[in-house]
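Novice: Below are the sequence and a predicted model; questions follow.
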Amino acid sequence: MRSLTVRIFVATCLVLAPALALAQTSSISGTVRDASGGVLPGVTVEAASPVLIEKTRSVVTDGSGQYQIVALRPGTYTVTFSLPGFSTVVREGLVLTSDFTAQVNVDLKVGALEEPSRHR
């Protein structure tokens, strides 16, 4: 009888473990704007952390400058915001706990234009 109880317990754990792991995930979301306050669609937002199996997860801001990176494991993240023509913004040390949504809004500044080097 005890053997049957142990088997039922193990089977229950195997079935519930993925659901519990998913329930403990977190997310990062926010809005990206330019220096004048206008929203910026098309910004690549990358969350990087050693706790992620794939090491990085990327999304692109929508037409209203908003983004959301979901199903992130608890841990410490570096979030990078990039768009051609704008300076890249990096936010380091963002700590996500279980069942938490970090709100990270950023303003991107127009990047310096680089002139091609001329060799004579």
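Specialist: Received, thanks. Residues are numbered from 1 along each chain as shown.
Novice: Report the contact partners of the most centrally placed residue in the chain.
Specialist: Nearest to the mean C-alpha position of the chain, counting by C-alpha atoms, centre = their mean, stands Ala47 at 3.7 Å. Ala47 is in contact with Ile28, Thr56, Arg57, Ser58, Ile69, Leu72, Tyr77, Thr78, Val79, counting by C-beta atoms under 8 Å, 6 or more residues apart in numbering. For glycine as for every other residue, the C-beta is placed from the backbone atoms N, C-alpha and C.
Novice: Model confidence at it, what's the number?
Specialist: If you check Ala47, the pLDDT there is 98.
Novice: Name the strands paired with the helix or strand it falls within and say parallel or antiparallel.
Specialist: Using DSSP states H and E, Ala47 sits in strand 44-48. Paired with strand 44-48 in the same sheet, following DSSP bridges, are strand 56-60 (antiparallel), strand 75-82 (antiparallel).
Novice: how about low-confidence regions in the protein?
Specialist: Residue ranges of the chain with pLDDT under 70: 1-23, 112-120.
Novice: Helices of that one, start to end?
Specialist: For the chain, helices defined by DSSP state H occupy the ranges 2-23.
Novice: so of the strands paired with strand 44-48, which one's packed in deepest?
Specialist: strand 75-82 (a mean of 18; mean count of other C-beta atoms under 10 Å).
Novice: can you give me how far that strand is from the chain middle?
Specialist: 6 Å (C-alpha atoms, centre = their mean, to the nearest Å).
Novice: What lies in contact with that strand?
Specialist: Strand 75-82 is contacted from outside by 28, 32, 43-52, 88-96, 104, 106, 108, using C-beta under 8 Å, 6+ apart.
Novice: sorry, back to before: and the strands paired with strand 44-48: which comes nearest Gln24?
Specialist: strand 75-82 (11.5 Å; C-beta to C-beta).
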